[in-house]
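>>> take a look and give me a structure for this.
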Amino acid sequence: MRKLFNCFAATAAFLLVSSPMAVVSGGPVPLNSPKIMIPSMPALPQEENILCGDVNEDSFVNVLDIISMVNYIMGGNPSPFNQDAADINDDNGINVLDVIAIVNIIMQVPGLPCGCVAPVNYEGHTYATVQVGGQCWFRENIIAGTMIMSNEGGQMQADNGLTEKYCYNNDVANCDIYGGLYEWNEAMQYTTAEGAQGICPLGWHIPSDEEWKELEGTVDSQYSVGDPIWDEEGSRGFDAGGHLKEAGTVHWNAPNTGATNSSGFTTLPGGERRIFFGDFDDLGMWSYFWTSTEYDATYAWRRHMASNEPLTSRYYYHKNLGFSVRCLKGCWPQPTQANAGPDQPYVPCTCTLAGNTPVYGTGVWHVISGTGGILADTLNPTSNFEGLAGNAYSLTWTISTACESKEDTVVISFMAGVGLPCPGIPTVTYEGQTYNTVQICDQCWLRENLNVGTMIISNTGGQLQLDNEVIEKYCYNNDAANCDVYGGLYEWNEMMQYVTTEGAQGICPVGWHIPTDGQWKILEGTVDSQYPVGDPVWDEMYFRGFDAGGNLKEAGTTHWNSPNTGASNSSGFTALPGGNRKGYNGEFVSLGMLGWFWSSSHLDPSNIWYRHLGYTSDKVYRYAEQIHYGRAVRCLKD
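Numbering: from 1, shown residues only. This is a model prediction of the structure:
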């Protein structure tokens, strides 16, 4: 027996080098070269993450794999050795039949069964397979389903949970030979998705118009895959039909022009079931095959081959016609190719991801490197993502179906440091005073309260600042030195410069504006350690959040009264307790205790949303109050 296998291996190796030019991985070489001849494998599909025939796992299928197989069969222990890739005829054993099969593959013998794919048992019938280029097809028309009588025209096959077929002339014996005839919707199992599994077994599908073009270009001797001729309608190519048709006239009418079946596809002339009267025609003359590609809501693309020509014909026909179906290997639906979007190299602290929305499959984000990153919604392709300053993260966007998964990776890098100035604008000079800036995620704020305008004395209640084209401010206790430290205090109308538009520039510099209530919510959610942006907690009134106030307040007790609870100023916002001018009596209160800030948003015509921070809390207080109170102002970059 050892001599037999050694002889067989030697013979196989001889066959691989006995042509005028053999192929070494990397290109052809003359036979007198001393190098070992290693033919490249034709384009075969991979099965379950293996390359069929790649026994030694070097990503090639060649004589080295034959040597490994013979070694294994003779009791050796070659390493590496992939048993799944070696079982080429998929009979759950590795023997001389697999050696013969791999020699046939390497020699590119036409009409071979698909490598590592067993014949398919489906609905009581066993289907042989055939490898044509990179495609694995059923060698026979599908026969699945229950025969129904075609005794009238129109659509008779129904979406009733049963697979239904017509048999030519209502004779089940014709189904046994030529396969069933199916309306397009029945073949597709009532989906319009190109590449649907339809009536094919799991792991197989109804081939698309493009997949038929690939088949035609693979077998035609003149026009290769991708040639524009395959996009034409009607009869096309040179001899693809002849290479796909069963040879002879056992089933085909004479002359069966050009029929060689050199591909092994073995097309039979199963005819058609017609629409108007439900009668049958063209048995022995024509074969018709559905694709899974719609032309429009009424028509779908099909192929046909005829007994009197060697070509293939492409056209669109009414979906209620009854045509044959061939199944093509490949799970459906394949997931949409994942696209995680562009890298984001300079992110302040949160970003919006840019994954693509799947047509087929479900997407999910995973953080694969970097610590402390938070995904708001792992299933949302455009989820918010929050990370730590100075850290870089790699995330994958993975789209999966039952068939497989496809993924793409994006790198997100967050700005280093805390409380950094806004990029490109570290300071702003306005009305004789210079303000620092601070970038807090996507927002750029002035780091100090605004101190602009002419001080007026608050000696009575009510609205004292006027629409007189002069910016007017109160200073706490009518002392200008307090404006220099804590900024001015402004009635709402004066701050807005007598407009009511949310987000108005008001008394801010050009390019800046009075923040809205919504923008204050973003700030709070950005700096809070427990409640992110968009959390419903920020829509509540009174004290909210977990520690946003502490992260916004200046630390220590230089300006804040003790205990200044939770103050860390981790955001760099540096909120100060500038107090408040009461509207009803003009008094000043709460210096060192509370910092009050207007928004530009109304609760109603008389009351305006504001924020305050307190020395005994690390929360942020949200409420609405009348417009004639005097509050501090922070400006936000447009």
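
>>> pretty sure Gly242 is in contact with Ser263, am I right?
No - using CB atoms under 8 Å, Gly242 is not in contact with Ser263, being 9.6 Å away. Every C-beta, even on glycine, is put in place using the N, C-alpha and C of the backbone.

>>> out of the two, which sits in the busier spot?
Set Gly242 next to Ser263 and count neighbours by other CB atoms under 10 Å: Gly242 wins out with 26 against 23.

>>> helix, strand or coil: sort out the more buried one for me.
Under DSSP: H, G, I helix; E, B strand; the rest coil, the three-state class of Gly242 is helix.

>>> start at 14 instead
Got it, the first residue is 14 from now on, which makes the last one we talked about Gly255.

>>> which one is it nearest to, not counting chain neighbours?
Spatial nearest neighbour of Gly255, excluding adjacent residues (CB to CB, 6 or more residues apart in numbering): Gly271 at 2.9 Å.

>>> and that neighbour, how many residues sit next to it?
Neighbour count for Gly271, taken as other CB under 10 Å: 18.

>>> hang on, it packs against Phe251?
No - using CB under 8 Å, Gly271 makes no contact with Phe251, being 9.3 Å away.

>>> okay, now the unreliable bits of the chain?
14-62, 361, 429-431 (pLDDT under 70).

>>> domains of it?
15-119, 133-342, 357-427, 440-650 (automatic domain parsing).

>>> and the helices in this protein?
15-30, 76-86, 96-99, 109-119, 185-191, 197-201, 222-232, 253-257, 493-499, 505-509, 530-540, 561-565 (DSSP state H).

>>> which other helices and strands contact the fourth one?
Using 3 or more CB pairs under 8 Å, 6 or more residues apart in numbering; DSSP states H and E as the contact criterion, the elements in contact with helix 109-119 are helix 15-30, helix 76-86.

>>> repeat that with 10 Å
In terms of contacts (3 or more CB pairs under 10 Å, 6 or more residues apart in numbering; DSSP states H and E), helix 109-119 is packed against helix 15-30, helix 76-86, helix 96-99.

>>> residues near Pro355, how many?
9.

>>> just to check, it is in contact with Ala367?
Yes - here Pro355 lies in contact with Ala367, judged by CB atoms under 10 Å, at a distance of 6.7 Å.

>>> now Gly643, nearest residue through space, not along the chain?
Arg594 is the one closest to Gly643 (CB to CB, 6+ apart), at 2.8 Å.

>>> how close does the one you found get to Gly386?
Arg594 sits 44 Å away from Gly386, going by CB to CB, to the nearest Å.

>>> okay, these two: which has more neighbours?
Arg594 (27 against 19).

>>> picking that back up, quickly list what's touching both of Gly255 and Ser276.
Common neighbours of Gly255 and Ser276 (criterion: CB atoms under 10 Å, 6 or more residues apart in numbering): Val232.

>>> so which residue of the chain lies furthest out from the middle?
Of all residues in the chain, Asn472 has its C-alpha farthest from the mean position, at 64.7 Å, by CA atoms, centre = their mean.

>>> CA atoms only for stretch 390-400 - export them in CSV, please.
Taking C-alpha atoms only, stretch 390-400 is exported to CSV below (Å, rounded to 0.1, in the frame of the first residue of the first chain):
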residue,chain,number,x,y,z
ASP,A,390,-26.2,53.3,22.5
THR,A,391,-24.1,50.4,21.2
LEU,A,392,-26.7,49.6,18.5
ASN,A,393,-26.9,53.1,17.1
PRO,A,394,-24.6,53.8,14.2
THR,A,395,-24.4,57.4,15.1
SER,A,396,-24.2,57.0,18.9
ASN,A,397,-22.5,59.5,21.1
PHE,A,398,-19.2,58.4,22.5
GLU,A,399,-17.5,59.9,25.5
GLY,A,400,-13.9,59.4,26.5
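
>>> now do the shared contacts for Gly271 and Phe251.
Taking CB under 10 Å, 6+ apart as the criterion, Gly271 and Phe251 both touch 323-324.

>>> before we move on, the earlier item: might you report the residue contacts of the residue farthest from the centre of the chain?
Counting by CB under 10 Å, 6+ apart, Asn472 has contacts 491, 599-600.

>>> out of those, which are buried?
Those of the contacts of Asn472 that meet the buried threshold are Gly599, by 16 or more other CB atoms under 10 Å.

>>> so which of the contacts of Asn472 is the closest to Trp458?
Asn491 (27.9 Å; CB to CB).

>>> spatially nearest residue to the closest one, not counting backbone neighbours?
Ile470 (5.2 Å).

>>> just Asn274 next, same as before
Ala260 (4.7 Å).

>>> tell me, how many neighbours does the closest residue to Phe290 other than its chain neighbours end up with?
Counting by CB to CB, 6+ apart, Phe290 lies nearest to Gly166, which is 5.0 Å off, once chain neighbours are set aside. By other CB under 10 Å, 14 other residues sit near Gly166.

>>> one more: Ser413?
Neighbours around Ser413, by other CB under 10 Å: 17.

>>> quick revisit: of all the domains of the chain, which lies closest to Leu433?
Leu433 lies closest to domain 440-650 among the domains of the chain, at 5.5 Å (CB to CB).

>>> tell me how far the ends of that closest one are from each other?
End-to-end span of domain 440-650 (CA to CA, to the nearest Å): 12 Å.

>>> contacts only, for Ala493.
464, 468, 486, 501.

>>> hey, what's the second one bridged with?
It stands for Met468. On the basis of DSSP bridges, Met468 is bridged to Lys486.

>>> nearest the geometric middle of the protein, what residue?
Ala351 (3.4 Å).

>>> check contacts around that one.
Counting by CB under 10 Å, 6+ apart, the residues that Ala351 touches are 368-369, 371, 374, 376-377, 394, 409-413, 418-422.

>>> please narrow the residues you listed to those residing in strands.
Taking DSSP state E, the ones among the contacts of Ala351 that sit in strands are 376-377, 409-413, 418-422.

>>> for the residues you listed, pick the one with the most neighbours.
Counting neighbours by other CB under 10 Å, Ile412 leads those with 26 neighbours.

>>> surely that one meets Lys419?
Yes - Ile412 lies in contact with Lys419 (CB under 10 Å); the separation is 5.4 Å.

>>> overlap in contacts of the two?
By the contact definition CB under 10 Å, 6+ apart, Ile412 and Lys419 are jointly contacted by 347-352, 371, 374, 376.
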